[in-house]
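In: make a model of this:
(2 chains)
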There are 2 protein chains.
Amino acid sequence: MRISVLGTGTVGRTVAGRAGDLGHEVAIGTRDPQATLARTDTDMMGNPPFGAWHADHPEIALLRFADAAARGELIVNATSGTNSLEVLALAGAENLKGKVLIDIANPLDFSAGFPPTLFVKDTDSLAEQIQRAFPEARVVKTLNTLNATVMVDPATLAGGDHSIFVSGDDAAAKATATDLLRGFGWRDIIDLGDLSTARGPEMLLPIWLRLMTALGTPAFNFKIVR
Amino acid sequence: MRISVLGTGTVGRTVAGRAGDLGHEVAIGTRDPQATLARTDTDMMGNPPFGAWHADHPEIALLRFADAAARGELIVNATSGTNSLEVLALAGAENLKGKVLIDIANPLDFSAGFPPTLFVKDTDSLAEQIQRAFPEARVVKTLNTLNATVMVDPATLAGGDHSIFVSGDDAAAKATATDLLRGFGWRDIIDLGDLSTARGPEMLLPIWLRLMTALGTPAFNFKIVR
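Out: Here you go, the predicted model:
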């Protein structure tokens, strides 16, 4: 499948790299490919600049947001929550129309430091904001509740014995997203229901962030024991 | 230990009954014991009236909130979140002074139907509201993230292989609460940190409620796999 990932940060790189390893035809979207490749700084998490990562993944195309979205059959929003609506507008509603749009972003507001707060919650969600702004995209919220490494390869943690959630209004889109998740290795995929249920996994971030501090690692996940 | 549980609903009864079975000297606090015992209706969850339950637990004293709080060495807030501050005021700051106050309540607002929203979240929590209102109580947030049955007997679910959280500003109070949790059978007790970390487990309710709907049962819990 042609998968286009919007966002060049850790989540975008990790999802793109894994999808490419699984045989998908992957592009990464960015604002300005030349500028992205010209960066030489590590990010605040200590990750190498995009160009260094891309040198190891030459099969993954780096395109402008609109070109990446036009090429993809399935689009992944791996941008920061504060930028998501702007980036998706640059990707273009016409390029998202009818396509499955997997939304991994979280509505985190770091303006007052750590832990961040949520800029939308409880009575609305980022996923619903995106769906309203792009009504012809088929938004599925998933993968926003854990670290990128575990996201794309759940078996790296406890043999994969933990859970992932999907929310969305379009059953066929959720089935497509679920197929991708199974390809990553997910076995316990819980369909929470329509897209408004994304409020639940988005509001999981406050405990996720505090668990990361308490446990001293981002390498953990929730298993729904029942 | 003398434990007083404020609240006569399912959570209050379940915690009181289990604490009594474990050999603690337990009282339940209510607004008006005679009125509580005179009720004949089942509640909205189909539970029998308090009197029927109490007939099976005659060793548990039913007292006015203030009398229960005065008698207890450890107090449990098992009231609804909307009533918690009022009930604790009736219990009396002088009767809470210096005592461990385990807060199980959730700030759920059912006024717009199901699923409820949270009336405090993200930048504050019910637990912190309680601590500010009763600064000499030693508030510990715990047990608010799951069904009452599993709360007091985690072994009923997957042999107890799942997690519970504690938050609080007073290390000795958290140790006392942790001892009680171990008595219930908890093994994976995660100390999230100070009381502000209670924002995390309180904001877990939105996904808990949607999981209850998706799974068709309240008999589940989160295991933090790491």
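In: in the longest helix seen in chain A, what's buried?
Out: Identified as the longest helix of chain A according to DSSP state H is helix A:171-184. Under the neighbour-count criterion of 16 or more other CB atoms under 10 Å in any protein chain shown, helix A:171-184 has A:173-174, A:176-178, A:180-181, A:184 buried. (C-beta placed from N, C-alpha, C; glycine too.)
In: of those residues, which is the nearest to chain B?
Out: Among those, residue A:174 lies closest to chain B (CB to the nearest CB), at 12.3 Å.
In: give the contact list for that closest one.
Out: By CB atoms under 8 Å, 6 or more residues apart in numbering or on different chains, residue A:174 lies in contact with A:140, A:166, A:168, A:191.
In: go again with 6 Å.
Out: Shown in contact with residue A:174 (CB atoms under 6 Å, 6 or more residues apart in numbering or on different chains): A:140, A:166, A:168.
In: what about the nearest residue to it once chain neighbours are set aside, neighbour count?
Out: In this structure, residue A:174 finds its nearest non-sequential neighbour in residue A:168, 4.7 Å apart by CB to CB, 6 or more residues apart in numbering or on different chains. Neighbour count for residue A:168, taken as other CB atoms under 10 Å in any protein chain shown: 29.
In: now do residue A:187
Out: Residue A:187 has 14 neighbours, counted by other CB under 10 Å.
In: over to the one 5 residues further on?
Out: When counting by other CB under 10 Å, one arrives at 24 neighbours for residue A:192.
In: is it true that it lies in a strand?
Out: Yes - applying DSSP: H, G, I helix; E, B strand; the rest coil, one finds residue A:192 inside a strand.
In: quick one: residues contacting it.
Out: Per CB under 6 Å, 6+ apart, neighbours of residue A:192: A:165, A:167, B:210, B:214.
In: which of these count as buried?
Out: Neighbour counting over those (16+ other CB under 10 Å) leaves A:165, A:167, B:210, B:214 as the buried ones.
In: determine how far the host helix or strand of the first one lies from the middle of the whole chain.
Out: What it means is residue A:165. In the assignment (DSSP states H and E), residue A:165 maps to strand A:163-168. Counting by CA atoms, centre = their mean, to the nearest Å, strand A:163-168 is centred 12 Å from the centre of its parent chain.
In: that strand pairs with which strands, and in what direction?
Out: Looking at strand A:163-168 with DSSP bridges, its partner strands are strand A:138-142 (antiparallel), strand A:188-193 (parallel).
In: deepest of those, which one?
Out: strand A:138-142 (a mean of 29; mean count of other CB atoms under 10 Å in any protein chain shown).
In: got the angle between that one and helix A:171-184?
Out: With axes from the mean of the first three to the mean of the last three CA atoms, to 10 degrees defining the directions, strand A:138-142 sits at 40 degrees from helix A:171-184.
In: next structured bit after strand A:138-142?
Out: By DSSP H and E, the next helix or strand past strand A:138-142 is helix A:148-152.
In: and for residue A:164, the neighbour number?
Out: Residues contacting residue A:164 under the criterion other CB under 10 Å number 24.
In: which stretches of chain A have low pLDDT?
Out: The model of chain A has no residue with pLDDT under 70.
In: alongside chain B, which residues does it contribute?
Out: A:117-118, A:122-123, A:158, A:162, A:192, A:197, A:199-201, A:203-204, A:206-207, A:210, A:214-215, A:220-226 (CB under 6 Å from any CB of the partner chain).
In: nearest residue to the residue most central in space within chain A other than its sequence neighbours?
Out: Nearest to the mean C-alpha position of chain A, counting by CA atoms, centre = their mean, stands residue A:104 at 2.8 Å. Once flanking residues are discounted, residue A:104 sits nearest to residue A:143: 4.6 Å by CB to CB, 6+ apart.
In: next one: phi and psi at that neighbour?
Out: Backbone torsions for residue A:143, taken as degrees, to the nearest 10, come to phi 70, psi 10.
In: re the thing from before, can you put the strands paired with strand A:163-168 in a markdown table and add distance to residue B:55?
Out: Below are these laid out as a markdown table (distance: least, CB to CB, whole Å):
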| stretch | distance to residue B:55 |
| --- | --- |
| strand A:138-142 | 48 |
| strand A:188-193 | 40 |
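In: of these, which is nearest residue B:72?
Out: Closest to residue B:72 of the strands paired with strand A:163-168, according to CB to CB: strand A:188-193, at 39.1 Å.
In: that older thread, and which of the buried ones among the contacts of residue A:192 is nearest residue A:74?
Out: The closest of those, once distances to residue A:74 are taken by CB to CB, is residue A:167, at 16.6 Å.
In: specify the beta-bridge partners of that closest one.
Out: Residue A:167 has these beta-bridge partners by DSSP bridges: residue A:141, residue A:193.
In: make sure it is actually in contact with residue A:141.
Out: Yes - assessed by CB atoms under 6 Å, residue A:167 is found in contact with residue A:141 at 4.4 Å.
In: find residues that contact each of these two.
Out: With CB under 6 Å, 6+ apart, residue A:167 and residue A:141 have common neighbours residue A:198.
In: roughly how far does the residue nearest to the centre of chain A sit from chain B?
Out: As for residue A:104, its distance to chain B is 16 Å (criterion: CB to the nearest CB, to the nearest Å).
In: what do you get for residue A:42?
Out: Applying CB to the nearest CB, the value for residue A:42 to chain B is 26 Å.
In: for that residue, helix, strand, or coil?
Out: coil.
In: got the contact list for it?
Out: residue A:48.
In: quick one, phi/psi of it?
Out: Reported as degrees, to the nearest 10, the phi and psi values for residue A:42 are phi -70, psi 160.
In: could you do residue A:76 as well?
Out: phi -120, psi 120.
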